[in-house]
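*Asks:* Sequence first, then the predicted structure:
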Amino acid sequence: MTPYNFPILTNDFNYDLPGGLIAQLPLEPRDSSKLMLLDRTTGSIQHSIFSELPNILKDTDLLILNNSKVIPARLKGTKNNSNGKVELLLLKKLPDDSWHCLAKPGKRVRAGDTIILSGESNIMTTAKVLSTNDDGSKIIRLENETDAMKIGELPLPPYIRTHDSNTNRYQTIYSSDLGSVAAPTAGLHFTESLLGKIQNKGITIAYTTLHIGLDTFKPIQESDARNHLIHKEYFHINQQNIAKINNAIKNNSRIICIGTTSVRVLEYLGTQAMSKNQTHLEAQTGENDIFILPGYQFKVVTGMVTNFHLPKSTLLMMISAFTSKSIIMSAYQEAINHNYRFFSYGDAMLIT
């Protein structure tokens, strides 16, 4: 049962983006990206750069960072009985240590097949295909997961067509918990120096983990966004970090999420707390399936840093829920007019 009472038309969240504004390579240094400052209430806009973030934030702010690390999820190999080339894209590790994945060409990869995996190094291992799901995705078991991670490549989004030899640029500098198939891109702008300046100002930082699946970035195909199926994603937040968040709530401090993934964790926990008539959040490990659309009432988050998102995406709808569709669409047009760089390697906005 959807909590949204009125149709949310996907086409209302479309916009025209010149192809030249899709960032193909990251900027150096990381914090040299543009930073749009957007007032969620009035829609007023200021232009800055990311390195100025410590001067923009208040010393009472709490920042929430997602420390998930991107796995080298793209695996290449051959079928052992035909030598036909196969590419696997790991999506999610399952409780029994098997993997949910996509296969290309999918129709030629069947249950019982063994895929011989190899890469630029001399390492080789295999993947056994256990089953095919109704949507054509596969369940596989890796013979040696450690070797597979050494062989695999980071799965850059399809709109990035320029290869960057520095694969660490598609990881945040604070990533530590391996499990995502896409980066929490708002965090890509942080440097060690920038984090140091933020902490020296007295700003508190808390960490959560949400392992990002590919569905996070996919445009919605349904005409009414309420009919879109949001997939569950693993998340974890411990007691130490929950205590920082509860303290910020108690003190009425701003809680600013770095990226939409952190937003999803806090709002999922906030929704749970509200259902129990609690004012405090609880540490938890679980599966997150919250779907934030316009009309949603935010319970915990009071600010967010986020990149510029794809048309018709769930993320564009989420940030529109945080402000309004008209404010976001006006801000995006302003970004286009000022040659902001869009998507994963692009520039950012701070919405407060």
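*Replies:* Yep, that arrived.
*Asks:* those helices in the stretch 51-200 of the chain, which residues are they?
*Replies:* Assigned by DSSP state H, counting those that start in this stretch, the helices in the stretch 51-200 of the chain fall at 53-56, 145-151, 192-200.
*Asks:* Now mean pLDDT, distance to T271 and mean neighbour count too, for those helices, in JSON lines please.
*Replies:* To be clear about C-beta, it is placed using only N, CA and C from the backbone, and glycine gets the same treatment. Below are these laid out as JSON lines (pLDDT from 0 to 100; distance: least, Cβ to Cβ, whole Å; neighbours: other Cβ atoms under 10 Å):
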{"stretch": "helix 53-56", "mean pLDDT": "98", "distance to T271": "28", "mean neighbour count": "16"}
{"stretch": "helix 145-151", "mean pLDDT": "94", "distance to T271": "34", "mean neighbour count": "17"}
{"stretch": "helix 192-200", "mean pLDDT": "98", "distance to T271": "28", "mean neighbour count": "15"}
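*Asks:* Of those, give the one that comes closest to Y15.
*Replies:* The stretch from the helices of the stretch 51-200 of the chain with the least distance to Y15 (Cβ to Cβ) is helix 53-56; that distance is 26.0 Å.
*Asks:* Following the chain onward from the longest helix along the chain, which element is next?
*Replies:* Counting residues, the longest helix found in the chain (DSSP state H) is helix 260-275. Past helix 260-275, further along toward the C-terminus, the next helix or strand under DSSP states H and E is strand 284-288.
*Asks:* what sits up against that following strand?
*Replies:* Judged by Cβ atoms under 8 Å, 6 or more residues apart in numbering, the contacts made with strand 284-288 from elsewhere in the structure are 210, 232-237, 264-265, 268-269, 272.
*Asks:* Mind listing what's buried along that strand?
*Replies:* Buried residues in strand 284-288, counting neighbours by 16 or more other Cβ atoms under 10 Å, are found at 284, 288.
*Asks:* Quick one: work out the angle between it and helix 260-275.
*Replies:* Using axes from the mean of the first three to the mean of the last three Cα atoms, to 10 degrees, one finds that strand 284-288 and helix 260-275 are set 110 degrees apart in direction.
*Asks:* Can you give the strand pairings for strand 284-288, parallel or anti for each?
*Replies:* strand 233-237 (antiparallel) (DSSP bridges).
*Asks:* Buried residues, the following helix or strand past the strand it pairs with. List them.
*Replies:* Towards the C-terminus, the helix or strand next in line after strand 233-237, according to DSSP H and E, is helix 239-250. Neighbour counts over helix 239-250 (16+ other Cβ under 10 Å) mark 241-242, 244-246, 248-249 as buried.
*Asks:* hey, C-alpha coordinates of helix 239-250 in CSV?
*Replies:* Extracted as CSV, the C-alpha positions of helix 239-250 are listed here (Å, rounded to 0.1, in the frame of the first residue of the first chain):
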residue,chain,number,x,y,z
GLN,A,239,25.6,2.5,18.7
GLN,A,240,28.5,5.0,18.7
ASN,A,241,27.2,6.8,15.6
ILE,A,242,23.5,6.5,16.6
ALA,A,243,24.5,8.3,19.8
LYS,A,244,25.9,11.3,17.8
ILE,A,245,22.7,11.5,15.8
ASN,A,246,20.4,11.3,18.9
ASN,A,247,22.5,14.0,20.5
ALA,A,248,22.1,16.2,17.5
ILE,A,249,18.3,15.6,17.6
LYS,A,250,18.2,16.4,21.3
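*Asks:* Now do it: which elements does it pack against?
*Replies:* Using 3 or more Cβ pairs under 8 Å, 6 or more residues apart in numbering; DSSP states H and E, the elements in contact with helix 239-250 are strand 62-66, strand 204-210, strand 255-258.
*Asks:* do that again at 10 Å, thanks
*Replies:* With contacts defined as 3 or more Cβ pairs under 10 Å, 6 or more residues apart in numbering; DSSP states H and E, the secondary structure elements packing on helix 239-250 are strand 62-66, strand 204-210, strand 255-258, helix 260-275.
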